[in-house]
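Student: got a sequence here, can you model it:
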Amino acid sequence: MRGKGIYVAILLLAAITLTACKADAGQEQNAGGNSNFIQDNTAQDSRNDAAGAVSPAPSQGVTADDKENYEDSTSGQVQDDAGGAGASVAGPAETPAEEPAADPLTEAIFEGKDAAYRKMIEKSLISTGNISRMKKAIEKAKNGEEVVIAYIGGSITEGASASSKEKNYAYLSYKYFKETFGKDGGDNVKYVNAGMGGTPSALGVIRYDRDVTSYGELLPDIVYIEFSVNDYQEPTRGAAFESMVRKIMNAPNQPAVVLLFCVFQSRWNMQDTYIPIGYYYELPMISIKNALVPELEAGRITDSQFFADIYHPTDFGHSLMADCLKYYYATVNAQEETDELNQVPAAARLGKAFEEIKMYDRATADDNVIVEEGGFSGTDSALVRFATGQPSFPNNWKHTSSSGNEPFRMTLNCKNLLLVYKSSGGFGTAVVYLDGEPAMTLNATEGGGWNNPITVLLINDSEPAEHVIEIKMAEGHENKEFTIMAIGYSR
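Tutor: Numbering: from 1, shown residues only. Predicted coordinates:
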């Protein structure tokens with residue numbers, strides 16, 4: 001009986017051992033199958049990585065720290081994929097960060113527009129600059145205080161080729177600001193358009209006080225400067241542009257200054273010259289060139305859609321430009337104000353000689369200036385006009401065909417002087433004398449010849465001095481017409 005018990009125990013032990021061996025063999029077989037599954041997935045992941053299909057690379061412009069954070073945030077997911085279904089080698093997955101809420105103003109601008117249009121408009125914003133001045137203007141408007149938005153520039157700002165004044169980019173962007181930030185319908189937001197066709201910043205800085213501030217009666221809170229397609233061969237080589245920036249920024253109400261860079265059909269503008277000025281003064285900068293040219297080159301927008309001629313935008317072009325300004329406003333409005341007010345540095349980059357320039361014409365009372373009109377006693381009424389219908393320089397001095405050859409003589413104390421004369425077909429040539437010596441010859445048929453003003457630099461000294469300027473008709477042109485439109489000088 002005892003032997004039979006021993007025999008049964010031996011049989012049971014053998015059965016247990018055989019079962020355990022079969023279980024081990026099954027586990028090895030399963031492990032081999034899982035190993036093959038992991039290898040297959042890993043190989044597929046490698047193929048996908050090579051094709052750029054698994055882990056998207058950070059976008060251009062991401063900093064090294066951002067890139068490192070991006071890689072850290074995705075490493076756990078890559079290991080999970082390699083570790084098999086549901087495996088978590090790096091620990092429990094973190095709760096994904098919430099996406100920032102979409103800005104309603106920004107989204108409203110792009111309502112009904114496709115992603116390509118949105119990307120185009122976003123490209124226009126070179127920099128928001130220091131936002132403190134613009135934030136102040138926006139808050140004033142929201143509070144119901146009067147806010148004045150002014151635009152100074154050339155014919156694009158004036159509204160050339162727009163089908164109406166209301167289709168001009170300047171008016172469209174003003175209307176957006178008024179309706180978006182103004183109080184009770186926005187009657188507290190005012191509009192000044194000082195665009196003048198065919199004129200550079202050298203003339204802009206001369207006429208700024210007259211055309212924008214009405215000699216101090218208005219203090220704009222926001223000023224757009226648009227001369228990037230008008231300043232080719234501008235006589236001060238950028239000093240007038242920078243002087244205007246400084247002049248506006250130094251106004252007692254500390255207005256926001258925005259640089260706007262338009263573009264010709266040739267894809268040309270002067271933004272490369274003026275962008276460093278924008279960065280130097282921490283100014284917002286908007287480039288229509290940056291937005292538009294890639295779309296033209298890709299064929300998504302045609303030249304005929306945007307350009308009415310080789311210079312000016314169509315209604316669609318003006319609307320596109322206005323969207324660029326709207327996007328800038330929405331971007332600033334969505335930002336928290338952390339900037340301290342940007343001050344005007346003592347030193348200039350290109351020049352500040354024209355920061356305090358004054359405009360002088362026949363209607364100006366100025367004890368520093370003595371004028372003897374001579375043969376330039378007439379008044380020219382054939383002038384280019386603003387979009388409002390007002391003549392550009394009505395208080396001029398004109399030499400007529402019967403005026404004789406007595407010179408126009410001006411005596412004044414100044415350190416710089418810009419002379420503005422009229423370009424017109426059929427007009428004559430005048431010679432300018434500075435302190436008795438011939439200084440320059442002005443051919444009024446050059447420079448366009450459509451009654452537009454031409455600006456030249458006659459004096460540019462570091463210290464003021466007494467000067468006598470004489471203008472008389474050149475030999476053989478005594479019976480021709482010639483118009484002196486205005487003078488700009490500073491002491």
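
Student: only C-alpha atoms for contact and neighbour calcs from this point on.
Tutor: Will do.

Student: after the helix or strand in which residue 433 is found, next one along is what?
Tutor: Per DSSP states H and E: residue 433 is located in strand 429-434. Using DSSP H and E, the next helix or strand after strand 429-434 towards the C-terminus is strand 437-443.

Student: lowest average confidence, helix or strand, in the protein?
Tutor: helix 64-82 (a mean of 32; mean pLDDT, DSSP states H and E).

Student: elements contacting whichever helix or strand comes after it?
Tutor: Next in sequence after helix 64-82, counting helices and strands by DSSP H and E, comes helix 104-109. Using 3 or more Cα pairs under 8 Å, 6 or more residues apart in numbering; DSSP states H and E as the contact definition, the elements that helix 104-109 packs against are helix 315-334.

Student: can you map out the strands along the stretch 151-300 of the chain?
Tutor: 189-195, 222-226, 256-261, 285-287 (DSSP state E, counting those that start in this stretch).

Student: give the other helices and strands that the third one contacts.
Tutor: It stands for strand 256-261. helix 132-142, strand 222-226, helix 239-249, strand 285-287, helix 288-298.

Student: wait, which of the ones you listed is closest to residue 451?
Tutor: strand 222-226 (21.5 Å; Cα to Cα).

Student: would you list the strands that the closest one pairs with, along with their directions?
Tutor: When pairing is defined by DSSP bridges, strand 222-226 lines up against strand 147-153 (parallel), strand 256-261 (parallel).

Student: number of residues surrounding residue 114?
Tutor: Counted by other Cα atoms under 10 Å, the residues lying close to residue 114 total 9.

Student: what's the nearest residue to residue 402 once chain neighbours are set aside in contact with, if anything?
Tutor: Spatial nearest neighbour of residue 402, excluding adjacent residues (Cα to Cα, 6 or more residues apart in numbering): residue 479 at 6.2 Å. Residue 479 is in contact with 400, 401, 402, 403, 404, counting by Cα atoms under 8 Å, 6 or more residues apart in numbering.

Student: cool, and residue 267?
Tutor: Neighbours of residue 267 in contact, by Cα under 8 Å, 6+ apart: 289, 293.

Student: what's the answer for residue 359, then?
Tutor: Contacts of residue 359 by Cα under 8 Å, 6+ apart are 206, 207, 210, 486, 487, 488, 489.

Student: what's the farthest-apart pair in these?
Tutor: Maximum distance among those (Cα to Cα): 14.2 Å, for 210 and 489.

Student: who has more neighbours out of those two?
Tutor: A direct count of neighbours by other Cα under 10 Å for residue 210 and residue 489 places residue 489 higher, at 23 against 15.

Student: which residues touch the helix or strand hosting that one?
Tutor: Secondary structure from DSSP H and E places residue 489 in strand 482-490. Identification of contacts with strand 482-490 by Cα under 8 Å, 6+ apart yields 206, 354, 356-361, 376, 380, 393-400, 414-422, 427-430, 444, 453.

Student: could you check the angle strand 429-434 makes with it?
Tutor: Using axes from the mean of the first three to the mean of the last three Cα atoms, to 10 degrees, the inter-axis angle of strand 482-490 relative to strand 429-434 is 30 degrees.

Student: and the contacts of residue 479, which of them are buried?
Tutor: 400, 401, 403, 404 (16 or more other Cα atoms under 10 Å).

Student: can you give me the buried ones in the helix or strand harbouring residue 467?
Tutor: Counting by DSSP H and E, the element that carries residue 467 is strand 450-473. Under the neighbour-count criterion of 16+ other Cα under 10 Å, strand 450-473 has 450-460, 467-473 buried.

Student: go on, stretch 435-448?
Tutor: Neighbour-count burial for stretch 435-448 [16+ other Cα under 10 Å]: 442, 443, 444, 445, 447.
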